[in-house]
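Undergrad: here is my input; please provide its structure:
(one chain, ligands or ions: 1)
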Amino acid sequence: MIPLKKALTSPVGRKFVMSISGIALVLFVIVHLLGNLTLYVPDGGETFNRYAAGFEAMGPFLYVIELGLLAVILIHIGWGITTAIKNRKARPEDYDESTETKGGPSRLSLASKNMIVSGVVLGFFLIVHIWHFRVRKDFVGETTEVDGQEATNLYAMVHEAFADPFWVVFYVGCMVFLAFHLRHGFWSALQSLGAMKPEWSKAIYAIGFFVAVVLAVGFMGIPLYIYFVDLPPPV
Ligand code: HEM
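TA: Alright, predicted model coming up:
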């Protein structure tokens, strides 16, 4: 047990845990965005609610998946925070100065230095988001029917949320931090896992940038589309 703890908290082990958990979370975010894109289907929420009801139909198995997801999120955050604290302690001089290299600024760009800031914002976003969309059930039109069965009307919930400009700004703002976090995280994970030759560095950074922008813009589009295009007039 102790050697495993030692391995996972060694500098290499820390990078490995952060990379694997980060990649798992990116996969979740991709699947989550693909599912949420059904909000664009102009059928009054039938497709989106059917997709969401599919998860409800999993019953207790859904809780197992959610607990697994929560564990990965907590591991990623826990390792991230303790690694940042360790790195700061090991580097007494100013972080900015230490990133300068003879050949100009290193890959530790603004995004890299701000991983902890964007990570903290995303942690806060997740707490608010899960309360807002997963835990809270007091929205208008709480239930609907999917294939003759009663189901939660998550389509109504999302539309109710994004009728409020506060939530539109909150979600769009947080997605900017998601873009920064993913852009550097993607590159960093592949580098840590040794999946990257030095000559691939630029290309992988460009792919990371692309993935980050596509995901962040994909999520941002939902509140913006609902608020500006898809919101039915109040009755
Ligand atoms: C406009 C953007 C987003 C929309 C419309 C949205 C929508 C939703 C909805 C409707 C749920 C509840 C699902 C259910 O109760 O079955 C949910 C849960 C969740 N969302 Fe999002 N989401 C968005 C962005 C994000 C982002 C960017 C992340 C991660 C960075 C995220 C992470 C999660 C997590 C972890 C859950 C809980 C999953 C579960 O317990 O099953 N969401 N989201």
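
Undergrad: give me the low-pLDDT residue ranges for this structure?
TA: 1-2, 91-112, 140-141, 195-196, 232-235 (pLDDT under 70).

Undergrad: would you map the strands across it?
TA: For the chain, the strands defined by DSSP state E occupy 100-101, 104-105, 143-146, 149-152.

Undergrad: please point out which parts of the last one sit buried.
TA: If I follow you right, that is strand 149-152. 151, 152 (16 or more other CB atoms under 10 Å). For every residue, glycine as well, the C-beta is placed using N, CA and C.

Undergrad: so which elements touch it?
TA: helix 46-56, strand 143-146 (3 or more CB pairs under 8 Å, 6 or more residues apart in numbering; DSSP states H and E).

Undergrad: could these go into JSON lines alongside distance to residue 86?
TA: JSON lines is the format used below for the helices and strands packed on strand 149-152 (distance: least, CB to CB, whole Å):
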{"stretch": "helix 46-56", "distance to residue 86": "38"}
{"stretch": "strand 143-146", "distance to residue 86": "49"}
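
Undergrad: among the ones you listed, which comes closest to residue 81?
TA: The minimum distance between residue 81 and the helices and strands packed on strand 149-152 falls on helix 46-56, with 29.9 Å, by CB to CB.

Undergrad: so that closest one, near the ligand or not?
TA: Yes. Using CB under 6 Å from any ligand atom, helix 46-56 comes into contact with the ligand via 52, 55.

Undergrad: mind listing what's buried in that helix?
TA: 46, 47, 48, 49, 50, 51, 52, 53.

Undergrad: now swap in stretch 68-87 and tell me
TA: 72, 73, 75, 76, 77, 79, 80, 83.

Undergrad: now the helices for the protein?
TA: Here the chain has its helices, by DSSP state H, at 2-9, 11-36, 46-56, 60-90, 95-98, 110-113, 115-130, 154-161, 165-192, 201-225.

Undergrad: show me which residues of this structure are close to the ligand?
TA: 29, 32, 36, 52, 55, 66, 69, 122, 126, 129-130, 133-134, 154, 158, 171, 178, 219, 222-223.

Undergrad: rerun that using 5 Å as the cut-off
TA: With CB under 5 Å from any ligand atom as the criterion, the chain meets the ligand at residues 36, 55, 66, 133, 134, 154, 219, 222.

Undergrad: could you identify the most distant pair in the residues you listed?
TA: Spatially, the most separated pair among these is 66 and 222, at 21.3 Å (CB to CB).

Undergrad: which one's more surrounded, those two?
TA: When residue 66 and residue 222 are compared for neighbours, residue 222 comes out ahead with 21 against 14, by other CB atoms under 10 Å.

Undergrad: residue contacts, the more buried one?
TA: Residue 222 sits next to 36, 39, 40, 158, 162, 171 when contact means CB atoms under 8 Å, 6 or more residues apart in numbering.

Undergrad: how about residue 83?
TA: 14, 18.

Undergrad: from residue 212, how far out is it?
TA: 21 Å (CB to CB, to the nearest Å).

Undergrad: cool, residue 183 as well?
TA: 4 Å.

Undergrad: what touches both of those two?
TA: In contact with both residue 183 and residue 212: no residue, using CB under 8 Å, 6+ apart.

Undergrad: skipping adjacent residues, who's closest to the residue most central in space within the chain in space?
TA: With distances taken as CA atoms, centre = their mean, the residue of the chain nearest its centroid is residue 29 (5.4 Å). Leaving aside its sequence neighbours, residue 29 sits nearest to residue 215 (CB to CB, 6 or more residues apart in numbering; 5.9 Å).

Undergrad: about what we covered before: relative to the ligand, which of the buried residues of helix 46-56 is nearest.
TA: Nearest to the ligand among the buried residues of helix 46-56: residue 52, at 5.1 Å, using CB to the nearest ligand atom.
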